[in-house]
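>>> okay, predicted coordinates and the sequence, questions at the end:
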Protein chains: 4
Amino acid sequence: MRKIGVIGLGHVGATIAYTLVAKGIVDELVIIDKNQDKATAEEYDLRDTLARLDTFTKIIPQDYQALCDADIIITAFGNIDSIRMNGDRFGELKFNMQAVQEVAAGIKSSGFNGVLINITNPCDVITTILQQQIGLSKQQVFGTGTFLDTARMQRAVGQALHEDPKNVSGYVLGEHGESQFTAWSTVEVKGHPITKMAQELALDLDELDQQARRGGWLVFYGKHYTCYAIATCAIKLALAVLSDAHLACPTSVYLDQYQHYIGYPAVIGRQGIIELNPLKLTTAEQAKLDQSAKTIKEKLN
Amino acid sequence: MRKIGVIGLGHVGATIAYTLVAKGIVDELVIIDKNQDKATAEEYDLRDTLARLDTFTKIIPQDYQALCDADIIITAFGNIDSIRMNGDRFGELKFNMQAVQEVAAGIKSSGFNGVLINITNPCDVITTILQQQIGLSKQQVFGTGTFLDTARMQRAVGQALHEDPKNVSGYVLGEHGESQFTAWSTVEVKGHPITKMAQELALDLDELDQQARRGGWLVFYGKHYTCYAIATCAIKLALAVLSDAHLACPTSVYLDQYQHYIGYPAVIGRQGIIELNPLKLTTAEQAKLDQSAKTIKEKLN
Amino acid sequence: MRKIGVIGLGHVGATIAYTLVAKGIVDELVIIDKNQDKATAEEYDLRDTLARLDTFTKIIPQDYQALCDADIIITAFGNIDSIRMNGDRFGELKFNMQAVQEVAAGIKSSGFNGVLINITNPCDVITTILQQQIGLSKQQVFGTGTFLDTARMQRAVGQALHEDPKNVSGYVLGEHGESQFTAWSTVEVKGHPITKMAQELALDLDELDQQARRGGWLVFYGKHYTCYAIATCAIKLALAVLSDAHLACPTSVYLDQYQHYIGYPAVIGRQGIIELNPLKLTTAEQAKLDQSAKTIKEKLN
Amino acid sequence: MRKIGVIGLGHVGATIAYTLVAKGIVDELVIIDKNQDKATAEEYDLRDTLARLDTFTKIIPQDYQALCDADIIITAFGNIDSIRMNGDRFGELKFNMQAVQEVAAGIKSSGFNGVLINITNPCDVITTILQQQIGLSKQQVFGTGTFLDTARMQRAVGQALHEDPKNVSGYVLGEHGESQFTAWSTVEVKGHPITKMAQELALDLDELDQQARRGGWLVFYGKHYTCYAIATCAIKLALAVLSDAHLACPTSVYLDQYQHYIGYPAVIGRQGIIELNPLKLTTAEQAKLDQSAKTIKEKLN
């Protein structure tokens, strides 16, 4: 049977919990939040769906010990209001640096030995700390990282070229934050390299890169948080872990050369990060990756 | 192809829009909100999911004319903050009485001739007004009404008896509000009448009725709105319309004897309300229904 | 993660395997058949779907040892040609009595300790033998039994009354075979007892009972086997086990009074048969159940 | 609402009908077969699933007129026994050349004006004839063609490299038959060109090409037909049409230069073939495509 824990029931965590129940993906769902009333609210809003769904999910609120035999934990704690005031994902850093201690301790004490997928921002920094503090292997811990930003790049390119986003392949790499970048040398549209199409069609790739990077802010501006796309990304990763799907995608993974987590191509399966998938980047792209790593490093210190 | 419009993108409307996309239920989705920035935010949060879903949905924002050939419109506009301050679903009445004019005019002008499912509170009142103002038949318009409250009753009874909510059948009737009541004579648990079980097991049915009625407030208290259960109810009704499923369930339907909408057993299909399903109520239950109807009537005037 | 084994890859077993993969229900699927070429054929037909599905399933062919940590085994071995020649589900008895020894030995040797759902006919007889020979508890082993026949009764009643089959509740009990019967005292249509409706509408319940019993033969006559409805039943039961859904339904369960398995109301969850759900039958219905049990007993001896 | 017709209820057509019902994809399903008993058998096997599914589908048997307002028709008629005896997909040609007249006439008389997806073999030949005889536009008619063979290539490459088939992109082109070929210049594994990997890993691409081409025969040998992978391909195409997904994939499309249908990269949406997606082939690949076209042409004459 499938068991997943979600820690942090803000808009992202709650949307993930709801989707796991509504799609019948898990058999047992542990939900945890610092705010007891919020946890109870989500517990009952979810329980009240069960009479209207064909599937059943056992919902276990506020119980770190119940994570012991979970397959996956998704961490989505955070304080979105601090972003709103600072306009940067690192705005949450101070708040989340305290929360991460508590969450890591709770997970560690449960004896959890599955795969942890972190969403909490700044994603690469928090993922690095969670791995260190919980003591799970670097394989078992990863972050959603630029998997979301890549989806936004696919959307932005798709809109520009009147294409389904799924016809766009390729990678946004680096920090899940301002220093991220689209590795255009990896991007193809229906099998055609976009760098070649850009010349023919006078596409402004820098502008598209901005749209991917800033895509979330349009959502954030209108509703003060983003939840659906990030939840969908997290669930796709969770399913890849459950079914050992060997999903090739960018996520926040640990790179030895940087000694911390960063958005990079990897392959996801039952053990978490099955392997890295090093793509040949251009010199300029590699420099951007190094620069982005530096930004993460600074925030870690 | 399937086309649904969602009007009002608060937590409920947005959750419905997300679920329709995430489950690949519709081919085209029209989303409309008074707040342009909110509509754009939801549009982009949904578009950004498309690269991570196996299904595709065309998302059409802010376009009443696009409702012309929709199969279904779900109305979920409202101002939840006014409930928060007044602690009663009728707290929204004043705000929504203005909004309903605008929404009805927009729908009417589109030439829409499908089925309208109303969620906006006070549900029975607003459904009555929408039907009158848009001019669709009484068959084509109905409200979620006590379909949600019935789910909560199933949950409450299920919890009390350690049963899956789906093993509990029966109906909560009347106003989607304080004057609603569980028609215990219709309730069975795994095929056994609950009235008989209540004697044997010393079940307090009044207490369970309270839990169903007040179930939403626990959610509301903790997160200031409810969204997942109501969205799940609305989507189940929408699917019953699309597939002409002849789903037997309580919804807010027009009853001739009361001259307005009220929570009552009905059968849902392609035409909306296919038929009423009059169940034999006890004299006391019938009196409660009459009383509840009176409450709705007063608010209508 | 979810792991299911399917033993016997005739039309029923293969349809179950396909559905588990196509709906992304399981993470690992073990498929076993006496005919090595058939198993390889199904393995590759399933593997060839994986590039076109959003989900991934690990397919493990012909490996009894891989059942060791499976959550569920579904047995669907058999020789349908012998039914075709004899026109009775017991026609397969001789063939299957040999096969059951081999299958039971294989399962036992694997160390499997999950839930076994048997479909192989004669269902009640083979379920009884499997439980005895494998040595799993009577809770852990059950058969699809009259869960399928009940679906057919719901369909037949639904057709007669122009109702969705899901609006029809109630039970077909006894042998999954000719001595089965619809317990009309348990049947309701949209909450109305059918026995009362039958008088008002001049419904011939005996005729409807025949349609439920003989429903499969119409399918059998046209395509020489039945597969979709039985596969759908088995998968619904498997999901109830995986998610501990406490699904109330008729299945082939062990009754102490008869000392063998027979179609009877039960509740299905993680442990298999969570409990029986004894419904008050009429004297005539109880007599039919006793008579049906006798038929199964005879075949067992 | 969504409406699909399936013509020909052999293993492929029946599996498609079942999947459309089991996944709740369509609201109305028309099923047609020359063999009335077979059609009735499938009708009832499907109807008997409805009490066990959360979704509802209206099943309409043997009614060409009901295709009038269908969104899609999938043709899967044929006589598999003739393949078994001749070991070539063209073995069915003689039988199917007669059947195609009848089917085309039936479709034409219904006034159908949606998209037709042909599976019947020889796929490219029959698709060409269906388009001519029914008189739908070349956009509206296409065949599954090498979409299946491409899935098999992805599976074969995936097996060789221990990769998920979805990590393999690229195209099998030409006839859905012996003269097909993998256009290796288009194939990538997790973003890496396979031609380069082949050198490094000493991969035998000719052998993998054979496995893709002959993949179906392994299935065919063991169960005398193939059904699950082809059904999954057809349904993915049908969903792309319903939701206007602009799915980039190889299918059997009409190419002006050959004056008939052949497996080639295209984009699928509401109108059928939205556009071709010409990929730069090597000279050798282009020669193979020309040669394969010649083979189809010969069979057409």
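Structure received.

>>> so A:Gly263 bridges to which residues?
Legend: beta-bridge partners of A:Gly263 under DSSP bridges are A:Gly174, A:Ser252.

>>> repeat for A:Ile60
Going by DSSP bridges, A:Ile60 forms beta bridges with A:Val30.

>>> next, count neighbours for it.
A:Ile60 has 18 neighbours, counted by other Cβ atoms under 10 Å in any protein chain shown. In this view, the C-beta of every residue, glycine as well, is placed from N, C-alpha and C.

>>> thinking it is in contact with A:Ile32, fair?
No - A:Ile60 is beyond contact range of A:Ile32, at 9.2 Å (criterion: Cβ atoms under 8 Å).

>>> just the pLDDT for the residue located most distally from the centre of chain A.
Here the centre of chain A is the reference, and by Cα atoms, centre = their mean the most remote residue is A:Glu200, at 34.2 Å. We have a pLDDT of 90 for A:Glu200.

>>> and the gap between it and chain D?
13 Å (Cβ to the nearest Cβ, to the nearest Å).

>>> show me what contacts A:Ile25?
For A:Ile25, the contact set (Cβ atoms under 8 Å, 6 or more residues apart in numbering or on different chains) comprises A:Arg2, A:Ile4, A:Thr19, A:Ile235, A:Ala238, A:Leu239, A:Leu242.

>>> now the first one: closest residue in space, sequence neighbours ignored.
Nearest in space to A:Arg2, with sequence neighbours left out and distances taken as Cβ to Cβ, 6 or more residues apart in numbering or on different chains, is A:Val26 at 4.6 Å.

>>> quick one: that neighbour and A:Leu20 touch, right?
Yes - using Cβ under 8 Å, A:Val26 is in contact with A:Leu20, at 4.9 Å.

>>> next, show the common contact partners of these two.
The contact sets of A:Val26 and A:Leu20 overlap at A:Ile4, A:Thr57 (Cβ under 8 Å, 6+ apart).

>>> for the residue in the stretch 201-301 of chain A that chain C sits nearest to, phi and psi?
Closest residue of the stretch 201-301 of chain A to chain C, Cβ to the nearest Cβ: A:Ala245 (3.6 Å). Dihedral pair for A:Ala245: phi -80, psi -10, per degrees, to the nearest 10.

>>> A:Thr127 versus that one, what's the distance?
21 Å (Cβ to Cβ, to the nearest Å).

>>> between those two, who's got more neighbours?
Using other Cβ under 10 Å, the more surrounded residue of A:Ala245 and A:Thr127 is A:Thr127, with 32 against 26.

>>> for that one, which non-adjacent residue is spatially closest?
Nearest one to A:Thr127, counting by Cβ to Cβ, 6+ apart, is A:Gly143 at 3.7 Å.

>>> residues touching the one you found, list them.
Counting by Cβ under 8 Å, 6+ apart, A:Gly143 has contacts A:Ile117, A:Asn118, A:Ile119, A:Cys123, A:Asp124, A:Ile126, A:Thr127, A:His176, A:Thr251, A:Ser252, A:Val253, A:Tyr261.

>>> three-state assignment of the closest residue to A:Gln271 other than its chain neighbours?
Spatial nearest neighbour of A:Gln271, excluding adjacent residues (Cβ to Cβ, 6+ apart): A:Gln139 at 5.4 Å. Recorded secondary structure, A:Gln139: coil (DSSP: H, G, I helix; E, B strand; the rest coil).

>>> how much space separates A:Gln139 from chain B?
23 Å.

>>> residues touching the spatially most central residue of chain A, list them.
Nearest residue to the geometric centre of chain A (Cα atoms, centre = their mean): A:Thr144, 2.0 Å. Counting by Cβ under 8 Å, 6+ apart, A:Thr144 makes contact with A:Ile117, A:Asn118, A:Ile119, A:Cys123, A:His176, A:Ile230, A:Cys233, A:Ala234, A:Leu237, A:Thr251, A:Ser252.

>>> same check, this time on A:Asp204
A:Ala198.

>>> any idea how far it is from A:Gln210?
In terms of Cβ to Cβ, A:Asp204 sits 9 Å off from A:Gln210.

>>> ok, and the closest non-adjacent residue to A:Gly269?
Nearest to A:Gly269 is A:Asp244, by Cβ to Cβ, 6+ apart, at 4.5 Å.

>>> which strands or helices does the strand or helix carrying A:Pro250 pack on?
Assigned by DSSP states H and E, A:Pro250 belongs to strand A:247-255. Here strand A:247-255 touches helix A:123-134, strand A:141-143, helix A:146-161, strand A:168-173, helix A:228-242, strand A:260-269, strand A:272-276, going by 3 or more Cβ pairs under 8 Å, 6 or more residues apart in numbering or on different chains; DSSP states H and E.
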